[in-house]
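> show me the folded form of this:
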Amino acid sequence: MANAKSSGWLLRVVFLIVLGGAGWGVWTWRKSSGTGESVTFRTNSVVRGDIIQLVKANGAIVPVKNVTVGSQVSGIIKDLKADFNSRVTEGDLIAQIDPSTFEQNVGQAEAEVANSRAGLELAQVNFKRANDLREAKLIPISEYDKALADMHQAEAGFKIKEASLKKANVDLDRTKIYAPISGLVIIRAVEVGQTVAASMNAPTLFQIAQDLTKMRIEAAVSEADVGGVEEGQNVTFLVDAFQGRTFRGKVQQVRFAPTTNQNVVTYTTIVEVNNPDLKLRPGMTADASIITSEKTGVLKIPNAALRYRPPETAQLKDTNAPAATQTNQMASSKGPTAAGGGGGASNREEMRKRFESMTPEERESMRARFGGGRPGGRGQEAPANGPVTRTIYILADPSAPAGRQLAKAVTIKTGITDGSSTEVLEGLQEGDTVIIGAVPVAGSAASATTARGTTSPMGSPFGGGGMRPR
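Residues are numbered from 1 along each chain as shown. Sure, this is the predicted structure:
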C-alpha cells in the first residue's frame, strides 16, 4: 500500500515537471518568434499639411532711435518746457538751468578781455617807440628785444582772455536745453528746483524716442538655435498687454557679439517692427517666434511616432531598417539566456553591446528618440541643416485583432519639424499608419512591460503614447 502511494506521488511530481517544462518551452518560443505579446497599438495616419519651423526667443521692445538728453553744466533747474509724452521738435527749448552764475562769469570775462586789450595796446605803443629809437641807434638792442617780447606776451594774454570769454558764453548757452531730435518724451528725470551736477557724468534730464511707429525687438537667441536665424526671416511675437493678438516683424540683424549669462551663451537678434497704432510701448517683453523654414503640402507624422519604441517581443523581424538594426533586434529577441543569463547586469551589458554595434546614424536616431529635444527654444526632433534617417514603426498587419498586433520597423528620412509634427521626405506614403504608442491589454503577460515602456541604452523613454517614464 505504501509503495502504491509513493508511486502515485512520484507520477504527479513528474507530470508537474513535464507540464512546467512544456509551458516554459512554449513561452520561450512565443517570445523568440515575436508572437503572443498582448499589445494594442495606438496609431496615426500620415497626412499632408503645412509645417512651420520656429526658433523661440525673448526680448525687449525698444525704439529704433532713443536719445538721452543731459546737461553739460551744473546748476538748478529753473524751468521745464516738456513733460512725459510731450511731442517735441528738434531745436525746441525743453529745460532751463538758472543762468545767474554763468551771466556773472560772462561779465567778468568781458572785463578781463577789455583789460587785456588795453595792455596789448600799451605794449604795441612801447614796441613802436623802441623800434624808432633802435633805428636811430639811440637805445641798446636789449631794450628793443624787451619791448618786442612784451608786445608778444600782451598779444598772447589777450587771446587767452578772449578764449575765456567764449567759454563763459558757451556755458551760458548750455543753461538752455534743446531737443536734439524730433520725437516723444518718454522719460523726464528732473523737477523744477532740482540741482543737477555735471562734474563727472552728464546727468540725465530727458529721454526722447524719435518715432514710436517704428520699433524693434532686441531678442536673445541661444547658441543652439542661432545657426538657423538669418536676416530677412519673418517673425511673429506676442506681448502680455494684448493677449491673443499676434504682431509681426522681420529679422534685421543677427549680431556676432555673444552675451553670456550663467554660462548660457546668447546672440542679440534685432527684429524690425511696425507700430502704426502705437500699441507697442518701449520696455514691453516680446515672446518672439522666428520662422526659419516653412513648407506647405508636405507629408508629416506626429513626433510621438519618432519617440515610441514597442517591446522587442511585439516587433516583426521583417523590416526595411538597416541591417545593423535588424541584427540588433534579432539578438535582443533571444532574451536574457542568449545574452549570457538573466538579471539586470546582463541586460545592461547586452544593451551596451547593442548600442556600440550601431552605426552613427542609428545612434543619433536612438538619442533623438529617447533623449528628448535639446534645450534652446525649438524642441525639435530633427536638425534644420538637412535630412536625417530615423526609424519608426508601423502595423505589420493592420487587420490583426487588438492584442495580437505586431510592429514593423521602417526607416524614413525626416526634414523640418514644428515641435509636434515632423516632415517625412522618404519611406512613407500618404495614408500610411504609424504607431505612436500602445495600450496594454489587462491580464496579459506583457502588460506590465508595455505599461513601463521599453528601456534603451540612453536611459528612460520619454513620451510616446501610453508609455510612462520610470
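> so where's the stretch 1-150 of the chain uncertain?
Residues of the stretch 1-150 of the chain that meet the criterion pLDDT under 70 lie in 1-9, 13-15, 18, 22-38.
> for it, which segments count as strands?
39-45, 47-63, 66-70, 75-80, 87-88, 93-97 (DSSP state E, counting those that start in this stretch).
> just the buried positions in the first one, please.
Of the residues in strand 39-45, those with enough neighbours to count as buried (16 or more other C-beta atoms under 10 Å) are 39-41, 43-44. All C-beta spots, glycine's among them, are computed from the backbone N, C-alpha and C.
> likewise for the longest one?
By neighbour count with 16+ other C-beta under 10 Å, strand 47-63 contains the buried residues 51-57, 59, 61-63.
> show me what it is packed against.
strand 214-222, strand 264-274, strand 285-302, strand 407-417, strand 421-426 (3 or more C-beta pairs under 8 Å, 6 or more residues apart in numbering; DSSP states H and E).
> how about residues contacting the helix or strand following the first one?
Right, the one you point to is strand 214-222. Of the helices and strands lying after strand 214-222 in sequence (DSSP states H and E), the nearest is strand 234-239. For strand 234-239, the surrounding residues in contact (C-beta atoms under 8 Å, 6 or more residues apart in numbering) are 61, 217, 245-251, 271, 273, 280, 284-291.
> just to revisit the earlier point, okay if I get the strands of the stretch 1-150 of the chain as CSV plus distance to Asp171?
Listed next are those as CSV, based on distance: least, C-beta to C-beta, whole Å:
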stretch, distance to Asp171
strand 39-45, 77
strand 47-63, 31
strand 66-70, 15
strand 75-80, 10
strand 87-88, 24
strand 93-97, 10
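> of all the helices and strands packed on strand 47-63, which lies closest to Thr313?
strand 407-417 (10.3 Å; C-beta to C-beta).
> list the buried residues of that closest one.
By 16+ other C-beta under 10 Å, the buried positions in strand 407-417 come out as 407-417.
> for it, packing partners?
Looks like strand 407-417 contacts strand 47-63, strand 285-302, strand 315-316, helix 323-333, strand 388-395, strand 421-426 (3+ C-beta pairs under 8 Å, 6+ apart).
> try it again with 7 Å
If contacts are counted by 3 or more C-beta pairs under 7 Å, 6 or more residues apart in numbering; DSSP states H and E, strand 407-417 sits against strand 47-63, strand 315-316, strand 388-395, strand 421-426.
> hmm, who's touching stretch 186-202?
Contact with stretch 186-202 is made by 70-77, 79-80, 82-84, 203-207, 209, 282, as judged by C-beta atoms under 7 Å, 6 or more residues apart in numbering.
> helices of the stretch 101-250 of the chain, start to end?
Applying DSSP state H, counting those that start in this stretch to the stretch 101-250 of the chain gives helices spanning 141-173.
> between the strands of the stretch 1-150 of the chain, which gets nearest to Pro180?
Evaluated with C-beta to C-beta, these place strand 66-70 nearest to Pro180, the distance being 5.5 Å.
> buried residues of the closest one, list them for me.
For strand 66-70, the neighbour count (16+ other C-beta under 10 Å) marks Val69 as buried.
> which residues are in contact with it?
The contact list for strand 66-70, computed with C-beta under 7 Å, 6+ apart, reads 177, 180-181, 202-209.
> now it against strand 93-97, angle please.
Following axes from the mean of the first three to the mean of the last three C-alpha atoms, to 10 degrees, one obtains 30 degrees for the angle between strand 66-70 and strand 93-97.
> mind exporting the C-alpha coordinates of strand 66-70 to PDB?
Included here for strand 66-70 are C-alpha records, laid out as PDB according to Å, rounded to 0.1, in the frame of the first residue of the first chain:
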ATOM      1  CA  ASN A  66      16.300 106.700 -28.500                       C
ATOM      2  CA  VAL A  67      18.300 109.700 -27.300                       C
ATOM      3  CA  THR A  68      19.200 110.600 -23.700                       C
ATOM      4  CA  VAL A  69      19.200 114.300 -23.100                       C
ATOM      5  CA  GLY A  70      21.600 115.500 -20.400                       C
END
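> turn the helices and strands packed on strand 407-417 into CSV, columns for distance to Leu238.
Formatted as CSV, the helices and strands packed on strand 407-417 follow (distance: least, C-beta to C-beta, whole Å):
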stretch, distance to Leu238
strand 47-63, 10
strand 315-316, 43
strand 388-395, 30
strand 421-426, 22
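> go through those and name the closest to Lys146.
strand 47-63 (65.0 Å).
> can you give the strand pairings for the closest one, parallel or anti for each?
Paired strands of strand 47-63, with direction, are strand 214-222 (antiparallel), strand 285-302 (antiparallel) (DSSP bridges).
> please save the CA atoms from the first one in CSV.
Extracted in CSV, the C-alpha atoms of strand 214-222 (Å, rounded to 0.1, in the frame of the first residue of the first chain):
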residue,chain,number,x,y,z
LYS,A,214,9.0,102.1,-35.9
MET,A,215,10.1,99.8,-33.1
ARG,A,216,12.5,96.9,-32.8
ILE,A,217,13.0,93.9,-30.6
GLU,A,218,16.4,93.0,-29.1
ALA,A,219,15.8,89.3,-28.9
ALA,A,220,18.3,86.8,-27.2
VAL,A,221,18.7,83.7,-29.4
SER,A,222,20.5,80.8,-27.8
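> follow-up on the earlier one: show me the one of the helices and strands packed on strand 47-63 that comes nearest Ile436.
Closest of the helices and strands packed on strand 47-63 to Ile436 is strand 285-302, at 5.5 Å (criterion: C-beta to C-beta).
> which positions within the closest one qualify as buried?
286, 288-290, 292-293, 298-302.
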